[in-house]
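**Student:** Kindly generate the corresponding structure for this input.
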Amino acid sequence: MPLDDGPLRWDGYGAARARATESTGERESVICGTATIGGTRTVVISFEFRYLGGSLGRHTGDRLEAAYTRARELRLPVVSLIATGGSRMQEGMLALTQLQRIAGQSTLNRAAGLPQLAVLRDPTTGGGWATLGAGADVVLALPGAQVGFAGSRVRPADADPSAYTAEGQLATGHIDAVVLPERLPGTLARWLRLLTTPDEEPAPVPAAQGAGDPPDSGWSAVQRTRSPERPRADAYLDTYFDWREDISGDRCGGVDDGMRCGFGHRAGRTVAYAAQCGTATRPAGFRTAARLVRLADRLGIPVLTLVDTPGAANDAAAERSGAGAAIADLFAAMAAARTPLTSLLIGEGGSGGALALAAPGRLWATPDSYFSVIAPELATAILKRPPSEVPHIADQLHLRPQDLMSLGLIRGIVPAN
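**Tutor:** Residues are numbered from 1 along each chain as shown. Below you'll find the model as predicted:
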């Protein structure tokens, strides 16, 4: 029996679907089912691009809704392997409104604490990118994939083509990683293992890796903390975890290489982490950390934060990027988290830019660290004192680890192994 021309009676639509079925063996542009990836059972949504460009129509929406519903029934994560040109124009607005159905189903799974992962294939454009793709918790992409809301035939003629690639989306903070095809199965397996291992116990506090004795003065604490030989976040993360996977970007157009965020495997447990790397934290870094904390909280995964920054970036670009709003959002995410938070001050604790990443009431410090309301040099300038007064001001600020301990601001000074 020939297929009809659909709800709009689009001339030739039925014939086009018949040809697509003949060439692909499928009756719609998505195939949904359950699979085991690296030992983790999951619901898989896979697009067949050869079926009308992987476009989204009414029956595509039916299948996607059924897949999300099945995931909730079985308490499974969802992995979407996306290749689509967008909504199916032969079904008009009835096709476009499927995006609302997808968003609604995704929201229900998010509320149920079920992770969603997306793999962006070539191409991933239009509504498929703006729902299943960009709306996932972790977004991976294949190298060279075309990724963007605008497809190649509808974007401005003078548009920079690199903005519509997986690599371009990674550089601007919209996806987490570009993964080679041969590494994709292993990467998905690791991510699924990490995101499906909730834990109610707090993350253990890492051991100190630098100096073992607390400093004898405030200024010596500052100088020692600023030493280029002092261990930074990567040294702590590499020692703490058996293996880990990073997330990247703030989903608002920014990436801060000075903020390391992700999920790691440690002795059979998953721990989420957000770690400052010793540089001034930019708005994108605060927003990425807030994204990490909220995702871990929703999935019931404990969070470890490593505090190490001279402070929030305060240049004009940072202000234009919303430094204040980004810091406020991280404070809010930390305050609202129900999952246990553990924080370790491993270096500089520069004012509010550092405090935003510190767990309220659950902060420890290493011997080679300090925390201060303001840098001693800046305090000296504000007080209109000569530079020779900086060491004295550092002492007055009571910024050493043992000072923080006596003030009740930290739970303890962690020893080295």
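**Student:** Please name the residues that touch residue 79.
**Tutor:** 37, 42-45, 116-119, 188, 192 (Cβ atoms under 8 Å, 6 or more residues apart in numbering). Glycine gets a C-beta too; all of them are placed from N, C-alpha and C.
**Student:** secondary structure class for it?
**Tutor:** Recorded secondary structure, residue 79: strand (DSSP: H, G, I helix; E, B strand; the rest coil).
**Student:** who does it bridge with?
**Tutor:** residue 44, residue 117 (DSSP bridges).
**Student:** just so I have it, where are all the strands in the stretch 301-417 of the chain?
**Tutor:** 303-309, 341-350, 363-365, 370-372, 412-413 (DSSP state E, counting those that start in this stretch).
**Student:** can I get those strands in a markdown table with mean neighbour count, mean pLDDT and distance to residue 62?
**Tutor:** A markdown table is the format used below for the strands of the stretch 301-417 of the chain (neighbours: other Cβ atoms under 10 Å; pLDDT from 0 to 100; distance: least, Cβ to Cβ, whole Å):
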| stretch | mean neighbour count | mean pLDDT | distance to residue 62 |
| --- | --- | --- | --- |
| strand 303-309 | 27 | 98 | 38 |
| strand 341-350 | 27 | 97 | 41 |
| strand 363-365 | 25 | 98 | 50 |
| strand 370-372 | 28 | 96 | 55 |
| strand 412-413 | 16 | 96 | 56 |
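**Student:** who wins for proximity to residue 206 among those?
**Tutor:** strand 341-350 (5.7 Å; Cβ to Cβ).
**Student:** Ok, which of the strands of the stretch 301-417 of the chain comes nearest residue 326?
**Tutor:** Between the strands of the stretch 301-417 of the chain, strand 303-309 lies closest to residue 326; by Cβ to Cβ that is 13.3 Å.
**Student:** Adjacent strands (with direction) for the closest one?
**Tutor:** Applying DSSP bridges, one finds strand 303-309 paired with strand 269-276 (parallel), strand 341-350 (parallel).
**Student:** Tell me which of the strands of the stretch 301-417 of the chain sits nearest to residue 290.
**Tutor:** Judging the strands of the stretch 301-417 of the chain by Cβ to Cβ, what sits closest to residue 290 is strand 303-309, at 11.4 Å.
**Student:** Turn the strands of the stretch 301-417 of the chain into CSV, columns for distance to residue 167.
**Tutor:** What follows is those, written out as CSV (distance: least, Cβ to Cβ, whole Å):
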stretch, distance to residue 167
strand 303-309, 28
strand 341-350, 32
strand 363-365, 38
strand 370-372, 38
strand 412-413, 44
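**Student:** looking at those strands, which is closest to residue 19?
**Tutor:** So among the strands of the stretch 301-417 of the chain, strand 303-309 is nearest, using Cβ to Cβ, at 51.3 Å.
**Student:** Pull the distance from that closest one to the chain's centre.
**Tutor:** How far strand 303-309 lies from its chain's middle: 15 Å, per Cα atoms, centre = their mean, to the nearest Å.
**Student:** How about the secondary structure of residue 157?
**Tutor:** coil.
**Student:** residues near residue 99, how many?
**Tutor:** 20 (other Cβ atoms under 10 Å).
**Student:** To clarify, my last question referred to residue 18.
**Tutor:** With other Cβ under 10 Å as criterion, residue 18 counts 14.
**Student:** Now it: closest residue in space, sequence neighbours ignored.
**Tutor:** Nearest non-adjacent residue to residue 18, counting by Cβ to Cβ, 6 or more residues apart in numbering: residue 3, 5.3 Å away.
**Student:** and what of residue 332?
**Tutor:** residue 290 (7.6 Å).
**Student:** Then residue 98?
**Tutor:** residue 61 (3.6 Å).
**Student:** Please look at that neighbour and residue 94 and confirm they touch.
**Tutor:** No: taking contacts as Cβ atoms under 8 Å, residue 61 lies outside contact range of residue 94: 9.1 Å.
**Student:** the more surrounded of the two?
**Tutor:** Taking neighbours as other Cβ under 10 Å, residue 61 and residue 94 compare with residue 61 leading, 21 against 16.
**Student:** Over to the more buried one. Which of the three states is it?
**Tutor:** helix.
**Student:** can you check the one 3 residues further on too?
**Tutor:** Of the three states, residue 64 takes helix under three-state DSSP.
**Student:** what about it, distance to residue 9?
**Tutor:** 25 Å (Cβ to Cβ, to the nearest Å).
**Student:** One more: residue 331?
**Tutor:** 56 Å.
**Student:** Mind listing the residues bridging to residue 36?
**Tutor:** residue 41.
**Student:** confidence score at it?
**Tutor:** Predicted confidence (pLDDT) at residue 36: the value is 98.
**Student:** now it: how far from residue 387?
**Tutor:** Using Cβ to Cβ, we find residue 36 at a distance of 64 Å from residue 387.
**Student:** on that earlier part again, surely the residue nearest to residue 332 is in contact with residue 327?
**Tutor:** No: if you go by Cβ under 8 Å, residue 290 and residue 327 don't touch, sitting 9.4 Å apart.
**Student:** Who has more neighbours out of residue 64 and residue 9?
**Tutor:** Counting neighbours by other Cβ under 10 Å for residue 64 and for residue 9 shows that residue 64 has the greater number, 24 against 10.
**Student:** Neighbours of residue 252, how many?
**Tutor:** Residue 252: 16 surrounding residues under other Cβ under 10 Å.
**Student:** Give the closest residue to it in space, chain neighbours not counted.
**Tutor:** Nearest one to residue 252, counting by Cβ to Cβ, 6+ apart, is residue 287 at 6.1 Å.
**Student:** looking at the contacts of residue 79, which has the most residues close by?
**Tutor:** Neighbour max across the contacts of residue 79 (other Cβ under 10 Å) = residue 118, 27 neighbours.
**Student:** A helix includes residue 33, no?
**Tutor:** No: assigned with three-state DSSP, residue 33 falls outside any helix and is strand.
**Student:** ok, the closest residue to residue 412 other than its chain neighbours - contacts?
**Tutor:** Of all residues not flanking residue 412 in the chain, residue 364 sits nearest, at 5.4 Å (Cβ to Cβ, 6+ apart). Shown in contact with residue 364 (Cβ under 8 Å, 6+ apart): 205, 342-345, 410-414.
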